[in-house]
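[1] predicted coordinates and the sequence they were generated for:
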Amino acid sequence: SQKQEQLDAVTRFQQYLRINTAHPNPDYSAPVSYLNDLANSIPNLRTRTLYLTPNKPLLLVTLYGSKPLLPSILLNSHMDSVPAEPAKWSHPPFSAVKTEDGKIFARGAQDDKCIAIQYLEALRNIMEEDPFFKPVRTVHICYVPDEEIGGFDGMAKFVESDEFKEMNVGFFLDEGQASTNDKYRVFYADRSPWNLVIKAVGVPGHGSRMYDNSAMENLMKSVEVVSKFRENQFDLVKAGVLPNSEVISANPVYLKAGTPSGDGNFAMNMQPSEAEAGYDVRLPPTVDPDLLKKRIAEEWAPATRNMTYHIIEKGPLRDIMGRPIMTATNESNPWWAVFKDAIEASGGELSKPEILASTTDARYMRRLGIPALGFSPMKNTPILLHDHNEHLKDTVFLEGIKVYESIIKSLSSFEGRAQTI
Ligand SMILES: CSCC[C@H](NC=O)C(=O)O
Ligand SMILES: [Zn+2]
Ligand SMILES: [Zn+2]
């Protein structure tokens, strides 16, 4: 019966959530084996495992279309999760406990193991409803490693592979974020992350002395300047001028200084000769990265105050044509209407497309000019990704399967004009 099938889908979601794939040492063989078996339990799906990096497999699931020369659809889910602190959870983070009211607690419940299972359950339902279902376009799902740490051994390598090029991807769907209201959210771009380290050197000396140009003084001045910038950006958000994801964030993530005293503490009567601060900086695709670089060089880490800095750019801001990395959500992108109509056909509604405040693997697709949207069908749901007590309601999970049934059917049967660039 339908009721039993729904229970089974929830059970499979729980089973997948019980596989611990948290960093820093995710074991990818277990989720690959689970998903591979699940895909093989559904008629007509083919699977392949790629080892682009040793111990970091990537699973591909394919349903061939009747016109295999048309660009294909690719649905993505990363297999890894961020760590969890079990002591701070009300249920163990890899237990996938379901409470009376249907909440399933697990690290990864929202980010993004829900969509991993929903894609397959949607295909299962489509095939059960019509055993002869054959899409026009080929539909692929990829399950990738390492998204949470930047995707360098995952999606970044995959898009360079021959297997990927042969797939001729025309449209890409990746994870999004929960919405706390009745509409689903959809994301057409990500912010790009920079790791910024600013370092100060200065005159060392006795802890009792007052003098100019100590490393600490130099660094603290910079920290104040960055904090002021952060405050100004945040004020734009608080005043409702721009959303969170359209300002530049510069959040301090560590401070490092002091002269070790040998017992794990610091010598309190030493003014150190070096000090540094680390920042997580995120840039919306709409900003000019060179302007920020200039500001960092002139104001945040000026050489005149013995400061140096180092930026590690963790993702591109411009595509291969030099344009800001974003997917059009208007009539210039034929996939947009197909996607939107499919959501509406399933009874859902989309809120205004947004830029994602954080970063996903979708940037590797967009960089190539492949239209890519971030979408996780979770509405009326608290946003709990990377938080303690991450959970998702069974009813929301099941509703998401229905949404993907509609999306997969519509995207895969769309025959219109759709080039990759
Ligand atoms: C260096 S890319 C990091 C990707 C990561 N993604 C999800 O949280 C993020 O911090 O946004
Ligand atoms: Zn994620
Ligand atoms: Zn995440």
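    Received, thanks. Ligands and ions are numbered 1, 2, ... in the order given.

[2] using the record's domain definitions, break the protein down for me.
    Structural domains assigned to the chain are 2-186+329-413, 193-313, following automatic domain parsing.

[3] end-to-end on the first one?
    Going back to what we said before, that points to domain 2-186+329-413. 26 Å (C-alpha to C-alpha, to the nearest Å).

[4] contacting residues around the closest residue in space to S261 that isn't next to it in sequence?
    Spatial nearest neighbour of S261, excluding adjacent residues (C-beta to C-beta, 6 or more residues apart in numbering): A267 at 4.4 Å. For the C-beta atoms, the positions are set from N, CA and C on the backbone; glycine is no exception. Contact partners of A267, counting by C-beta atoms under 8 Å, 6 or more residues apart in numbering, are 207, 258-261.

[5] so of those residues, which ones are in strands?
    If you go by DSSP state E, those have nothing in strands.

[6] taking those, tell me the two that lie furthest apart.
    Pairwise distances across those peak at 14.5 Å for G207 and P260 (criterion: C-beta to C-beta).

[7] buried stuff in the strand or helix carrying Y34?
    Using DSSP states H and E, Y34 sits within helix 29-40. Residues of helix 29-40 classed as buried by neighbour count (16 or more other C-beta atoms under 10 Å): 31-32, 34-36, 38-39.

[8] show me how far the helix ranked longest in the chain is from its chain's centre.
    Identified as the longest helix of the chain according to DSSP state H is helix 215-238. Mean C-alpha position of helix 215-238 versus that of the full chain (C-alpha atoms, centre = their mean, to the nearest Å) differs by 27 Å.

[9] in terms of contact, does I296 touch L196 like I think?
    Yes. Applying C-beta atoms under 8 Å as the test, I296 and L196 come out as touching, 6.9 Å apart.

[10] any idea how far the residue nearest the centre of the chain is from ligand 2?
    Centroid check for the chain by C-alpha atoms, centre = their mean gives T360 as the closest residue, at 3.0 Å. In this view, T360 and ligand 2 are 6 Å apart by C-beta to the ion, to the nearest Å.

[11] equivalent analysis for L75, please.
    L75 is 14 Å from ligand 2, by C-beta to the ion.

[12] so that residue bridges to which residues?
    Per DSSP bridges, the residues bridged to L75 are I141, L173.

[13] okay, now the unreliable bits of the stretch 101-250 of the chain?
    The stretch 101-250 of the chain contains no residues with pLDDT under 70.

[14] what parts of it come near ligand 1?
    148, 150, 193 (C-beta under 6 Å from any ligand atom).

[15] quick check on the second one: phi, psi?
    The phi and psi values for G150, taken as degrees, to the nearest 10, are phi 110, psi -10.

[16] next, count neighbours for it.
    Taking other C-beta atoms under 10 Å as the criterion, the count of residues near G150 is 17.

[17] then the last one?
    Applying other C-beta under 10 Å, we find 19 other residues in the vicinity of P193.

[18] sorry, back to before: can you tell me which of the residues of the stretch 101-250 of the chain next to ligand 1 are up against ligand 2?
    For ligand 2, no contacts are drawn from these by C-beta under 5 Å from the ion.
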